[in-house]
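Asker: Structure, please.
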Amino acid sequence: MQSATKENQIFTHETEVELSDAVKKLIEDVRANPENASLYVQLGISLRGQMLMIEAIEAYSEGLTHAPFYVPLYRHRGHAYVNVRRYREAAADFELALRLEPDNWDCWYHLALSYFLMENYERAAETYANCMKVSHTPERKIAPTDWFYMTLNILGRSSEGESLLQEIGEGLEAGDSAGYYDRVLAYKGVLSPEEVIKKAETLDDHMFATYCYGIARLYLFRGEKEKAKNLMERICERGTLWSGFAEQAAERDLKNWKA
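Answerer: Next up is the predicted model:
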């Protein structure tokens, strides 16, 4: 029977990124007030702002040693786990957080996303359905509707997906969900895929991915495989924000691509 080597199981992590003044200040604050759980959340968010996801995870974990029932620490650590593609750890954090706070929209949404990226589409669909139940405003419904629609289509439940789209009307104030809103409008036929892509081309790399991943999926559902593949390749070529959800989904889909 073979055994794994130390080098195969234990990974040292060092970064040469200089910490921002905000991060340095928060580290001092945490040292002075180690029982203040919210400080660990702020520290983790600041670290994520520098794309220091592993360091953020460590900050949230340290916070949980002081406040093991503080839901925001699980919510944000789970998010950081998704950022570094550790989807099972992410799902575990969100599942636990939801036992403590069953109506937490962020945890339902990101738990469903974790299952989607794990390609566990049945659990993703079930979780998106639960997310919709706690989406109490039109803006809150937009993003889960988008991902839920894609999930249902992947599962071959397209009629359910079409019914789901009726939840989202025209003329909404989408706020931070603008990219998802345009995708949903494209699914409904209100916007053409080309209109959404044209708009996305004027935006930064992350927003390009956010707008275009759903359009690539729409092409796939229509059987336009070459268009879908080309758009996913463009997303990955512009993937300066490597931690984004759409970027990860496109990367995974290309890896699994079958002609």
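
Asker: chain center to the helix or strand where Ala246 lies: distance?
Answerer: Using DSSP states H and E, Ala246 sits in helix 245-255. Its chain's C-alpha centre and that of helix 245-255 lie 11 Å apart, by Cα atoms, centre = their mean, to the nearest Å.

Asker: What of stretch 242-256?
Answerer: 11 Å.

Asker: Can you give me the buried ones in that stretch?
Answerer: For stretch 242-256, the neighbour count (16 or more other Cβ atoms under 10 Å) marks Trp242, Ser243, Gly244, Phe245, Ala246, Glu247, Gln248, Ala249, Ala250, Glu251, Arg252, Asp253 as buried. C-betas here are computed from N, CA, C, even on glycine.

Asker: pretty sure the fourth one is touching Ser114, no?
Answerer: No - Phe245 sits out of contact with Ser114 when judged by Cβ atoms under 8 Å, with a separation of 10.0 Å.

Asker: intersection of neighbour lists for these two?
Answerer: By Cβ atoms under 8 Å, 6 or more residues apart in numbering, Phe245 and Ser114 have these common neighbours: Val82.

Asker: outside of stretch 49-62, which residues touch it?
Answerer: With Cβ under 8 Å, 6+ apart as the test, stretch 49-62 has contacts from 13, 15, 17, 19-20, 23, 30, 40-41, 43-45, 47-48, 73-74, 76-77, 80-81, 83-84, 242-243.

Asker: my bad, should have said stretch 148-157
Answerer: The set of residues external to stretch 148-157 that reach it, using Cβ under 8 Å, 6+ apart, is 112, 116, 121-122, 124-125, 128-129, 131-132, 158, 160-161, 164-165, 184, 187, 214, 217, 221.

Asker: Could you rerun that using 10 Å?
Answerer: Outside of stretch 148-157, the residues within contact range by Cβ atoms under 10 Å, 6 or more residues apart in numbering are 112, 115-116, 119, 121-129, 131-132, 141, 144, 158-165, 167-168, 183-184, 187-188, 213-214, 217-218, 220-221, 249.
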